[in-house]
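K.L.:
kindly return the folded structure for what I paste below:
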Amino acid sequence: MDTIWPSLDAAKGPKYRILADTIRAAASAGQLGGGSRLPPVRDLAYRLGVTPGTVARAYSVLTDEGVLTAGVGRGTFVADRAVPDTAPEDDVWSQGEGPQDVYAVSLFSPRIPDVGQVRAIRAALAQVGAGDPMRLLNYPTRDSYRAVREAVADWIRDVPLGVVDQEDIVLTNGGQNGICVALQAILSGPRPAILVEDLCYAGFRRAGELMRADVVGVEMDADGVIPEALDEAARRTGAQVFCTTPEVQNPTVGFCPLERRLALAAVAEKHGMQILEDDCYRIGQARAPSYRALAPERGWHVSTLSKALTPALRVGFALAPRERAGDLRRVAEYGYFGLSEPLAEVTRILLSDPRTREMCQRARARTAEYVRLAVNALGRFDLAWDDEVPFLWLHLPAGWRAAGFCRAAEAAGVQIRSADEFALRHGRAPHAVRIAVNCHVSPASFENAMLRLRSLLDNPPEQISV
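P.N.:
As a prediction, this is how the structure comes out:
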């Protein structure tokens with residue numbers, strides 16, 4: 001094996017890419033046979049005179065390609081192409097050697113662990129590639145999506161959405177596209193208004209701005225938007241839609257109980273206002289009926305596979321009230337015709353496989369392990385969390401402001417989001433931060449990041465940083 005390693009001293013171009021090309025070529029030529037164990041990251045880095053990050057990045061690229069496999073406590077190996085790439089329980093990192101263990105730990109957005117879905121997606125892509133060639137040549141039609149919609153309808157069968165038929169489902173390019181499609185179907189007039197939670201997913205604001213709508217925040221408490229505040233805002237603005245995240249409030253981890261939902265639905269009915277529910281962050285069981293079930297004449301629902309399975313496919317879906325289903329379909333068909341047919345077929349294959357639900361359960365369990373690591377490190381602070389929510393909400397102690405804390409955290413190698421990113425442009429944000437769960441780094445690295453945040457929290461600056 002020693003004879004294959006390149007000299008990188010005078011290499012032209014990215015060194016990690018040259019190293020990856022060398023390993024790939026050696027595996028293809030049989031110099032590195034299936035099952036061959038590669039040197040640990042730091043050992044090879046020392047041998048080649050490069051940083052550990054260079055080797056880690058090369059290993060990561062080849063792991064994504066399926067040339068290498070990495071298992072917890074075992075190391076990094078050349079994949080045996082005669083057997084499946086990795087066992088579902090294996091991770092893409094090995095003993096803290098993944099690329100993000102070397103660089104800063106990004107906790108901006110949740111990262112789902114690989115518990116078998118990478119292998120499943122590759123197999124589904126191969127199946128589509130070997131299938132009917134006409135599916136790769138023709139424009140899709142509504143009828144051609146029927147089997148996919150049926151698979152989605154079965155996938156959401158346990159969600160309390162009211163009456164749902166495959167004809168009600170509109171496939172979208174992820175959850176954000178679903179929000180935009182729904183708002184296009186709802187809003188009318190030259191200057192419409194939409195109401196959102198005072199702290200909310202920024203995608204609501206961005207979608208509203210695309211529609212040239214006024215986006216107005218509504219006061220919240222621990223149970224969600226306050227009904228009296230929603231009533232006043234609807235009366236004052238004439239808003240056409242209330243956008244909300246009742247199951248998993250982003251960013252506060254809040255939950256809107258049934259009694260509060262019923263009160264908010266009554267306010268919406270009083271003002272003839274639609275309700276758009278973003279259910280994208282729920283990865284466990286729903287704890288209360290959706291607005292589409294509670295107020296079937298005005299409830300719209302958007303969800304996605306991004307948080308449960310993978311964000312890479314960009315597959316979501318939207319539901320309108322049954323009498324508005326045609327409006328939603330027309331917006332999608334006029335806007336983008338539909339998902340690409342190969343992607344839709346990959347989605348059908350995945351959702352029709354019973355093992356996919358099992359993978360999602362394992363991913364939730366792994367996410368819960370990371371959440372508990374965060375709670376163990378930060379639990380004595382004002383922290384909101386849930387085992388089945390892939391982020392945490394931290395109110396900062398006296399002496400810290402959100403912007404200053406985020407800068408200090410980044411300097412310590414941890415990237416998090418300030419509450420300001422979830423407030424409206426003219427709104428007021430608390431001194432708080434959102435910490436996303438990143439299962440692409442090892443538990444040890446994630447825990448270390450939490451301990452670095454704890455150290456900052458324990459040592460606020462003498463002068464308040466703004």
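K.L.:
and residue 221, what pLDDT?
P.N.:
The model reports residue 221 with a pLDDT of 96.
K.L.:
beta partners of it?
P.N.:
Listed by DSSP bridges, the beta-bridge partners for residue 221 are residue 224.
K.L.:
next, count neighbours for it.
P.N.:
By the measure other C-beta atoms under 10 Å, the count of residues near residue 221 is 10. (C-beta placed from N, C-alpha, C; glycine too.)
K.L.:
what's the distance between it and residue 257?
P.N.:
Per C-beta to C-beta, to the nearest Å, residue 221 is found 12 Å from residue 257.
K.L.:
contact partners for residue 255?
P.N.:
Under the criterion of C-beta atoms under 8 Å, 6 or more residues apart in numbering, the contact partners of residue 255 comprise 223, 224, 246, 247, 248, 249, 287, 288.
K.L.:
does it count as helix, strand or coil?
P.N.:
coil (DSSP: H, G, I helix; E, B strand; the rest coil).
K.L.:
got it, and residue 277?
P.N.:
Classification of residue 277 using three-state DSSP returns strand.
K.L.:
that one and residue 248 touch, don't they?
P.N.:
No - no contact is recorded between residue 277 and residue 248 when judged using C-beta atoms under 8 Å, the distance being 11.1 Å.
K.L.:
ranges for the strands of the stretch 301-450 of the chain?
P.N.:
Using DSSP state E, counting those that start in this stretch, the strands found in the stretch 301-450 of the chain span residues 316-319, 382-384, 391-395, 414-415, 417-418, 432-436.
K.L.:
tell me the most buried of those strands?
P.N.:
Mean neighbour count (mean count of other C-beta atoms under 10 Å) peaks for strand 316-319 among the strands of the stretch 301-450 of the chain, with a mean of 26.
K.L.:
re earlier: let's have the contacts of residue 255 in TSV, adding secondary structure, distance to residue 359 and neighbour count.
P.N.:
Below are those laid out as TSV (DSSP: H, G, I helix; E, B strand; the rest coil; distance: C-beta to C-beta, whole Å; neighbours: other C-beta atoms under 10 Å):
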residue	secondary structure	distance to residue 359	neighbour count
223	coil	33	18
224	strand	31	23
246	coil	26	29
247	coil	21	24
248	coil	20	25
249	coil	26	26
287	coil	23	15
288	coil	26	18
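K.L.:
export the strands of the stretch 301-450 of the chain as TSV, with columns for distance to residue 241 and mean pLDDT.
P.N.:
Converted to TSV, those look like this (distance: least, C-beta to C-beta, whole Å; pLDDT from 0 to 100):
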stretch	distance to residue 241	mean pLDDT
strand 316-319	13	96
strand 382-384	27	97
strand 391-395	25	97
strand 414-415	33	92
strand 417-418	25	94
strand 432-436	25	97
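K.L.:
beta-bridge partners for the residue lying closest to residue 402 once chain neighbours are set aside, please?
P.N.:
In space, not counting the residues next to it along the chain, residue 402 is nearest to residue 418; the distance is 4.1 Å by C-beta to C-beta, 6 or more residues apart in numbering. In this entry, residue 418 is beta-bridged to residue 433, by DSSP bridges.
K.L.:
go ahead and confirm residue 418 touches residue 429.
P.N.:
Yes - in this structure residue 418 lies within contact range of residue 429 using C-beta under 8 Å: 7.4 Å.
K.L.:
identify the contacts common to the two.
P.N.:
With C-beta under 8 Å, 6+ apart as the test, residue 418 and residue 429 both reach residue 402.
K.L.:
state which helix of this structure is the longest.
P.N.:
Secondary structure of the chain read by DSSP state H shows that its longest helix is helix 354-378.
K.L.:
OK, contacts around the residue nearest to residue 402?
P.N.:
Remark: with contacts taken as C-beta under 8 Å, 6+ apart, residue 418 is in contact with 402, 403, 405, 406, 429, 433.
K.L.:
any idea how far it is from residue 410?
P.N.:
Using C-beta to C-beta, residue 418 is found at 11 Å from residue 410.
K.L.:
after the lowest-mean-pLDDT helix or strand in the chain comes which helix or strand?
P.N.:
Each helix and strand of the chain was given a mean pLDDT (mean pLDDT, DSSP states H and E); the minimum falls on helix 99-102 at a mean of 41. Scanning the chain past helix 99-102 towards its C-terminal end, the next helix or strand to appear is strand 105-106 (assignment: DSSP states H and E).
K.L.:
return the set of buried residues in the next helix or strand after that following strand.
P.N.:
On the C-terminal side of strand 105-106, the nearest following helix or strand under DSSP H and E is helix 117-129. Judged by neighbour count (16 or more other C-beta atoms under 10 Å), helix 117-129 contains these buried residues: 117, 118, 119, 120, 121, 123, 124, 128.
K.L.:
which helices and strands sit right next to helix 117-129?
P.N.:
Under the contact criterion of 3 or more C-beta pairs under 8 Å, 6 or more residues apart in numbering; DSSP states H and E, the helices and strands touching helix 117-129 comprise helix 341-352, helix 354-378.
K.L.:
would you turn these into a markdown table with mean neighbour count?
P.N.:
Compiled in a markdown table, those are given as follows (neighbours: other C-beta atoms under 10 Å):
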| stretch | mean neighbour count |
| --- | --- |
| helix 341-352 | 21 |
| helix 354-378 | 18 |
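K.L.:
quick check: which of those helices is nearest to residue 5?
P.N.:
Within those, the stretch nearest residue 5 is helix 354-378; the backing value is 34.2 Å (C-beta to C-beta).
K.L.:
need the strands for the stretch 51-200 of the chain, in chain order.
P.N.:
Going by DSSP E, counting those that start in this stretch, the stretch 51-200 of the chain shows strands at 68-71, 75-78, 105-106, 169-172, 193-197.
K.L.:
how distant is the third one from the center of its chain?
P.N.:
The one in question is strand 105-106. Chain-centre distance of strand 105-106: 15 Å, with C-alpha atoms, centre = their mean, to the nearest Å.
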